[in-house]
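Colleague: Have a look at this prediction, sequence included:
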Amino acid sequence: MHARRWLTALIVLPLLLAVLFWGGQVLFVLLLLVVNGLAQWEFLGMFGPDADAFRRLKTIILGSVLLLSFCTAQRATTLCNPTGPLLVLVGILFVLFLFYLIAYSHIPDLSRDLMVNVLALLYIPLLLGHFVWLRYLSDGQWWIFWLLMVIMAGDTGAFYAGRTWGKTKLYPEVSPGKTWAGVWGGTAAAVIAGLALGRWALPGMSLAGLAGLALLLAVVGLLGDLFESMLKRQVQVKDASELLPGHGGMLDRLDSLLFAAPLVVYVRLFLIG
């Protein structure tokens, strides 16, 4: 498992960094569309394994439109204008509600199916779209790089610290494998990575600022991880899929980042400027 985990990371990470630094904004957004589609497909499969491909694709298409609306919100004066995504989200929800009204007689458990599809939109493309905003900033590439490294360091630190010293469970009802040792190990690794890489990638940030933001990301990332674990616990699955050997599915790799990306965007815009 450890070999597969590291081999997957050694293949995927260089490709991701190549797109981030040399692929341009358009290729980065296209990559996000692929990531969004895979994550939504996994999510819908967990809660509706019997749902046909059309019903899944319908939600994925709506999610892709929502993700692309973050590109249209780029303004010369306010790079991250929420008006575009908000209006598109309202329109998408209207279309989704209309679809269920028309298809009412063909859906045996309408309320559950509707809530799953709405959550698939709010949880994945709405949060993932913040990476688009971050990428369009003048120093956005470095912020995304720093964010990825902090979250990845936190995940790796938590994984190995938990396996080595973990005895006291953190929240067994939601995630039986997480321990307090893993939490402290992951937090320490996130802060160390944030400080070490931040002085190079984000030279305008102070050491205190880097440490504080990395600490916040460790906490928010943990909440994102627990949230996805709660969803998987509901449907009694260990991983969202087996897409990434040693890591699980795309959603399993995104869980912390989905919660962390909005935090970085708003700190970068409103506290740093």
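Modeller: Yes, it's here. Numbering: from 1, shown residues only.
Colleague: only C-alpha atoms for contact and neighbour calcs from this point on.
Modeller: Noted.
Colleague: in the helix or strand bottoming out on mean pLDDT in the chain, what's buried?
Modeller: Least confident helix or strand, the chain: helix 2-22 with a mean of 89, by mean pLDDT, DSSP states H and E. Neighbour counts using 16 or more other Cα atoms under 10 Å place 9, 19-20 of helix 2-22 among the buried residues.
Colleague: can you check stretch 88-107 too?
Modeller: 88-89, 92, 96, 100.
Colleague: neighbouring contacts of that stretch?
Modeller: Identification of contacts with stretch 88-107 by Cα atoms under 8 Å, 6 or more residues apart in numbering yields 62, 65-66, 69, 110, 113-114, 118.
Colleague: now Ala193, nearest residue through space, not along the chain?
Modeller: Val150 (5.7 Å; Cα to Cα, 6 or more residues apart in numbering).
Colleague: export the least confident helix or strand of the chain as CSV, just CAs?
Modeller: C-alpha atoms of helix 2-22 as CSV (Å, rounded to 0.1, in the frame of the first residue of the first chain):
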residue,chain,number,x,y,z
HIS,A,2,2.8,2.4,0.9
ALA,A,3,4.6,1.7,-2.4
ARG,A,4,1.4,2.3,-4.4
ARG,A,5,0.7,5.5,-2.4
TRP,A,6,4.1,7.0,-3.2
LEU,A,7,4.1,5.8,-6.8
THR,A,8,0.8,7.4,-7.5
ALA,A,9,2.0,10.7,-6.0
LEU,A,10,5.2,10.6,-8.0
ILE,A,11,3.2,10.2,-11.2
VAL,A,12,0.3,12.6,-10.5
LEU,A,13,2.1,15.5,-8.7
PRO,A,14,4.6,16.4,-11.5
LEU,A,15,1.8,16.4,-14.0
LEU,A,16,-0.3,18.7,-11.8
LEU,A,17,2.7,21.1,-11.3
ALA,A,18,3.4,21.1,-15.0
VAL,A,19,-0.1,22.2,-15.7
LEU,A,20,-0.1,24.7,-12.9
PHE,A,21,3.2,26.5,-13.9
TRP,A,22,3.5,25.9,-17.7
